[in-house]
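Visitor: here is my input; please provide its structure:
(2 chains, ligands or ions: 1)
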Amino acid sequence: MNRPDNALQEIVSLLGERFPQKAPITADMHISRDLGLDSLAAMDLLMSLEDRFDVSIPLNSLPEVETIGDLAALIDNTRAGATRR
Amino acid sequence: MSLLARLSPLRDAHRALISSGQDPFSVEFSRVLSATEAIVQGRRTILLGTNNYLGLTFDPSCIEHGIAALAQQGTGTTGSRVANGSYLGHRHLERRLAAFFGRRHAIVFSTGYQANLGVISTLVGPGDHLVLDTDSHASIYDGSLLGRAKVTRFRHGSPEDLDRRLRRIAAEGGNKLIVVEGIYSMLGDTAPLREIVAVKREHGAYLLVDEAHSLGVLGENGRGLAEAAGVEADVDFIVGTFSKSLGSVGGFCVSDHPDFEVLRIACRPYMFTASLPPSVIATTVQALRRIEEAPELRATLRANARALYDGLAAAGFVLGPEPNPIVAVKLPSSETAVAFWNALLQNGVYLNLALPPATPDHCALLRASVSAAHSAEQIAHVVRVFSKIGHEMGLLKAPGSKEPLANAAG
Ligand SMILES: Cc1ncc(COP(=O)(O)O)c(C=O)c1O
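Guide: Next up, the predicted model:
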């Protein structure tokens, strides 16, 4: 699997497939308020993103994530951290 | 936004759910007749959703021990063991649990929920990792929230996914604690414990097994899935509850870890809550003895579980993957599950309703828990009632047809 290099693009396309009625998905969209994901669905989304980007993102970081942009930044930061190590 | 206004979607969903009948979250038993029967809405009802696996709630010897302790030691301890002291019974029960599991240490909590909350939040700390199965019980998730370790989930029952996720955090250092359950409470499936143990060893992780639904149920001696799978030596911590096969209330953790006793002065859900009343301790000690003395209860339980599982499968229902004492019936939607649950209650059968999002794969479930105390006739009756309702609701093929219900999980 080749790893996508832009987390935001990847999240937008993933959610676009899952919520066609919400298109277009944008960075400032609120994960629970705008997309209606409950905490379990958010955990599941995080899990599929971990697999997509082959990184580990602890659940502990989820409470700080409100928007799609926050989520993309979280993944980008984790990947940057992983490369530095 | 006013206080609790954020919960209005939940309130609305609940209102919709109860508009079609009885509220599944507030069923009242006006009189309990035995381990398997109660009066509900004035009707004699078979209890098939009580987790009372061995039927010990009405065991005469357990009741006798409970009454004696109540009369001799009073109604409650009125405080925590750390601040207010332990009664002899608490220590005695801990020694009995340690001996039962062949472990050096045992610690008793006031509920199974608190056992998970306390142990999971305290065993690992900052810089450590907790690795949880996605279908973990709420008490395991809540324990992870109370603690300071990083939390990772792996796909339900998948040792391969567990391995992949441990690999991703391999370079991070810190201790790793994997948490699984003996029998999962929604679908009644067991964890693939041998394979999980192999992964655990490879990564040098610790393993905790919550045997809430498997204590007294699985294993030659009733010690749970770890015994049944022959991997007890590789399970570092076993958590369990008194509220299911032991018929009382409370929880515990057993282990051989040399520093285990420090939990008593570090684990907040142990320290800052009142200890169990003497009568509960006494019935629990006696129930543990019954598990040891009466292996035939386990055999009857297995036979009853098999009869219900096979009977419902033959009737054309789609069930969980294994014939364990939790028998989960998958229905095509939440609406059918609610209607079916109401029809069962009206026909004198009580069990649990489990709806998305709390269920695996968002399926709608009727969850039965079988008891050794059920008679063969009660099980046969339940299968007949299920088939009758299934046909009336158009959920089953004609009798005799082998074809299973299509799209049940969808
Ligand atoms: C897997 C599991 N762990 C822990 C618990 C909590 O036990 P208790 O109800 O005794 O607090 C339960 C049941 O509620 C459970 O199903």
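Visitor: for the rest of this, base every contact and every neighbour count on C-alpha atoms.
Guide: OK.
Visitor: quick check: A:Gln21 vs chain B, distance?
Guide: 20 Å (CA to the nearest CA, to the nearest Å).
Visitor: list phi and psi for that residue.
Guide: The phi/psi pair for A:Gln21 (degrees, to the nearest 10) reads phi -70, psi -20.
Visitor: I figured A:Met47 hits B:Val151, correct?
Guide: No. Using CA atoms under 8 Å, A:Met47 is not in contact with B:Val151, being 11.7 Å away.
Visitor: who's in contact with B:Gly247?
Guide: For B:Gly247, the contact set (CA atoms under 8 Å, 6 or more residues apart in numbering or on different chains) comprises B:Asn52, B:Leu54, B:Gly55, B:Leu56, B:Thr57, B:Thr284, B:Ala287.
Visitor: so what's the residue count around the first one?
Guide: When neighbours are counted by other CA atoms under 10 Å in any protein chain shown, B:Asn52 registers 25.
Visitor: now the third one
Guide: B:Gly55 has 23 neighbours, counted by other CA under 10 Å.
Visitor: low-confidence bits of chain A, can you list those?
Guide: A:1-5, A:82-85 (pLDDT under 70).
Visitor: can you check which helix is longest in it?
Guide: helix A:68-84 (DSSP state H).
Visitor: how about the residues of chain B near chain A?
Guide: Counting by CA under 8 Å from any CA of the partner chain, the residues of chain B close to chain A are B:Leu145, B:Lys150, B:Val151, B:Thr152, B:Arg153, B:Arg165, B:Arg168, B:Ile169, B:Pro357.
Visitor: the same query, at a cut-off of 10 Å, please.
Guide: B:129-131, B:134, B:144-145, B:148-155, B:161, B:164-169, B:171-172, B:357-358 (CA under 10 Å from any CA of the partner chain).
Visitor: write the PyMOL selection for whichever of the residues you listed are buried.
Guide: Of these, the buried ones go into a single PyMOL selection, burial set by 16 or more other CA atoms under 10 Å in any protein chain shown:
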select buried, chain B and resi 129+130+131+134+144+145+148+149+150+151+152+153+154+155+161+164+165+166+169
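Visitor: which of the residues of chain B next to chain A fall within strands?
Guide: B:His129, B:Leu130, B:Val131, B:Lys150, B:Val151, B:Thr152, B:Arg153, B:Phe154 (DSSP state E).
Visitor: would you point out the most distant pair within those residues?
Guide: Spanning the widest gap among these are B:Lys150 and B:Phe154, at 13.4 Å by CA to CA.
Visitor: what's near enough to touch B:Asp189?
Guide: Shown in contact with B:Asp189 (CA atoms under 10 Å, 6 or more residues apart in numbering or on different chains): B:157, B:181-183, B:320-328.
Visitor: and those residues, which of them are in strands?
Guide: Within those, membership in strands is found for B:Glu181, B:Ile326, B:Val327, B:Ala328, as judged by DSSP E.
Visitor: mind putting the contacts of B:Gly247 in TSV, secondary structure included?
Guide: Formatted as TSV, the contacts of B:Gly247 follow (DSSP: H, G, I helix; E, B strand; the rest coil):
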residue	secondary structure
B:Asn52	coil
B:Leu54	coil
B:Gly55	coil
B:Leu56	helix
B:Thr57	helix
B:Thr284	helix
B:Ala287	helix
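Visitor: out of those, who's nearest B:Glu293?
Guide: B:Ala287 (9.7 Å).
Visitor: what distance do you get for that closest one to B:Asn116?
Guide: 22 Å (CA to CA, to the nearest Å).
Visitor: measure the closest residue to B:Gln73 other than its chain neighbours to chain A for me?
Guide: Leaving aside its chain neighbours, B:Gln73 sits nearest to B:Pro278 (6.4 Å; criterion: CA to CA, 6 or more residues apart in numbering or on different chains). Look at B:Pro278 and chain A: by CA to the nearest CA, they are 39 Å apart.
Visitor: how about B:Ala71?
Guide: B:Ala71 is 47 Å from chain A, by CA to the nearest CA.
Visitor: B:Val27 now?
Guide: With distances taken as CA to the nearest CA, B:Val27 is found 27 Å from chain A.
Visitor: who's in contact with that residue?
Guide: B:Val40, B:Gln41, B:Leu345, B:Tyr350.
Visitor: swap in B:Val235?
Guide: B:Leu193, B:Val197, B:Lys200, B:Tyr206, B:Leu207, B:Leu208, B:Val209, B:Ala226, B:Glu227, B:Ser255, B:Asp256.
Visitor: show me the helices in the chain, by range?
Guide: In the absence of a named chain, this looks at chain A. Along chain A, the segments classed as helices by DSSP H run A:7-18, A:39-53, A:68-84.
Visitor: I was after chain B.
Guide: Remark: helices assigned in chain B by DSSP H are B:8-18, B:60-73, B:81-84, B:88-101, B:112-123, B:138-146, B:159-168, B:193-203, B:225-228, B:268-271, B:278-293, B:295-315, B:334-346, B:376-392.
Visitor: would you mind finding the most buried of those helices?
Guide: Ranked by mean neighbour count under mean count of other CA atoms under 10 Å in any protein chain shown, the helices of chain B are led by helix B:112-123, which reaches a mean of 25.
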